[in-house]
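A.B. asks: Quick one, structure for this:
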Amino acid sequence: MKIVYVITRSDVMGGASVHLLDLVRGVQEAGHEVYILVGGHGVFQARAKANHLSCISLRHMVRQISPANDWRGFFELKEIISKIKPDILHLHSSKAGILGRLVAKRLNIPVVFTVHGWSFTEGVSNKRRLVYKLIERFMANFADKIITVSNYDRKLALDLGVGNEKLLTTIHNGIPDSHRKIKRDLPFGHVIKLIMVARFEAPKNHNALLTALARLKHLPWIIEFVGDGPTMCNMTDLARDYGLAERVKFLGARNDVDTLLEKADIFCLISNWEGLPLTILEAMRAGLPVIASRVGGVPEAVQDGKTGILVDRDDEGALAQAITSLVESESLRIQMGQNGRQRFEKEFTFQTMLQKTMQIYDAVVQGNR
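C.D. replies: The predicted structure follows:
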């Protein structure tokens, strides 16, 4: 089978980017011919090349809405896909999802769109929700199958009239297993290391986490923020204003996230909205207890009270209490971390995700013959 994947941005490595590279590598190793089309040049292309994946840059595929660029982007995409002649097109991210579906319709190519969190989800502005709901209602007519990474997103779409039961299917994210061993007991007096891996931009809420930590100066903790982005400087200033500069480390974008997770004690992901974050699965794989916002598909990964603690969006008091509970109790950290590792092995492995995705490809291609 010949498969073309399209994603909007090459300049950042978010969850959708990591998901796509893992998926394409697995599909290629299974013997299929794969191509990635991505907007611009950047770190995504470098990682694709390092994984021996064919990656083509698109000049006019940009995240921002731009009628002139989007018009050019449609014809650029159409020209490249016409030359490749794939059996199926698999789209990731909103802009690629829109232009790609229109191109697929014009070329009569089967098309699958994976949603890594709807743009009309809870937590975004009402105006944005309305606009994207109307767009996705219309664009649903141009897909052969829409994959949501959480049951939350599938139900949200159905409730708002985007697609139907037959069109929408859930395939939970899955990640390769690093075969990491669970951490042993910690020495007495150990300073507890928290870690949050996320870009400094919406939907992540680093502000709320720093505000909660400012209440907990009496506890023995430090935190590492991994990632970069437009709000990083603001958060650096906020940490200094709170008197936390010596306890908050801003590490920027890193290629050694697995190692950093191995050296941490608690994983945090505080967000205003989410799909099903890969970083939470990475934390569970590493045997870490998770503190996360109760948004999107997060509760489908984190079992509240068993593998971690979920807090309501913007409830900084509950967030502070969750951090306190895990910082003060080594036994709770260890038990939740072990439970999370077991849940990862049962529900969120890469092979399970790959097998379900290939079944979608087969069904879509057969249905278009």
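A.B. asks: any idea how far Arg128 lies from Gly31?
C.D. replies: 41 Å (Cβ to Cβ, to the nearest Å). (Each C-beta comes from the backbone N, C-alpha and C, glycine too.)
A.B. asks: mind listing the helices for the stretch 201-350 of the chain?
C.D. replies: For the stretch 201-350 of the chain, the helices defined by DSSP state H, counting those that start in this stretch occupy 206-214, 232-241, 257-262, 278-285, 298-301, 316-328, 330-347, 350-367.
A.B. asks: how far does the second one sit from the chain's center?
C.D. replies: Pointing back at helix 232-241 there. 25 Å (Cα atoms, centre = their mean, to the nearest Å).
A.B. asks: any weak-confidence spans in this protein?
C.D. replies: 179-189, 368-369 (pLDDT under 70).
A.B. asks: Where do the strands of it begin and end?
C.D. replies: 2-7, 33-39, 55-58, 88-92, 111-115, 145-148, 168-170, 192-197, 221-226, 248-252, 266-269, 290-293, 308-311 (DSSP state E).
A.B. asks: Glu122: which of the ones you listed is closest?
C.D. replies: strand 290-293 (11.0 Å; Cβ to Cβ).
A.B. asks: Report all helices and strands that the closest one contacts.
C.D. replies: Counting contacts by 3 or more Cβ pairs under 8 Å, 6 or more residues apart in numbering; DSSP states H and E, strand 290-293 is packed against strand 266-269, helix 278-285, strand 308-311, helix 316-328.
A.B. asks: picking up where we left off before, neighbour count: Arg128 and Gly31, which is higher?
C.D. replies: For the pair Arg128 and Gly31, the greater number of neighbours falls to Arg128 (12 against 7), based on other Cβ atoms under 10 Å.
A.B. asks: so can I have CSV of the strands of the chain showing distance to Ile360 and mean neighbour count?
C.D. replies: Converted to CSV, these look like this (distance: least, Cβ to Cβ, whole Å; neighbours: other Cβ atoms under 10 Å):
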stretch, distance to Ile360, mean neighbour count
strand 2-7, 11, 25
strand 33-39, 15, 22
strand 55-58, 23, 18
strand 88-92, 9, 26
strand 111-115, 6, 27
strand 145-148, 6, 24
strand 168-170, 7, 18
strand 192-197, 29, 22
strand 221-226, 32, 20
strand 248-252, 36, 16
strand 266-269, 28, 27
strand 290-293, 28, 28
strand 308-311, 30, 24
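A.B. asks: Make JSON lines from those and add distance to Gly14 to it.
C.D. replies: Formatted as JSON lines, those follow (distance: least, Cβ to Cβ, whole Å):
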{"stretch": "strand 2-7", "distance to Gly14": "10"}
{"stretch": "strand 33-39", "distance to Gly14": "13"}
{"stretch": "strand 55-58", "distance to Gly14": "16"}
{"stretch": "strand 88-92", "distance to Gly14": "10"}
{"stretch": "strand 111-115", "distance to Gly14": "13"}
{"stretch": "strand 145-148", "distance to Gly14": "17"}
{"stretch": "strand 168-170", "distance to Gly14": "20"}
{"stretch": "strand 192-197", "distance to Gly14": "11"}
{"stretch": "strand 221-226", "distance to Gly14": "13"}
{"stretch": "strand 248-252", "distance to Gly14": "15"}
{"stretch": "strand 266-269", "distance to Gly14": "13"}
{"stretch": "strand 290-293", "distance to Gly14": "17"}
{"stretch": "strand 308-311", "distance to Gly14": "22"}
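A.B. asks: just so I know, which of those lies nearest Thr279?
C.D. replies: Nearest to Thr279, of all the strands of the chain, is strand 192-197, at 4.5 Å by Cβ to Cβ.
A.B. asks: Please name the strands paired to the closest one in the sheet, noting orientation.
C.D. replies: Strands that pair with strand 192-197, judged by DSSP bridges, come out as strand 221-226 (parallel), strand 266-269 (parallel).
A.B. asks: Now render these as a markdown table, adding distance to Gly287.
C.D. replies: Putting the strands paired with strand 192-197 into a markdown table (distance: least, Cβ to Cβ, whole Å) gives the following:
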| stretch | distance to Gly287 |
| --- | --- |
| strand 221-226 | 17 |
| strand 266-269 | 10 |
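A.B. asks: Looking at the ones you listed, which is nearest to Asp314?
C.D. replies: strand 266-269 (14.7 Å).
A.B. asks: No further questions, thank you.
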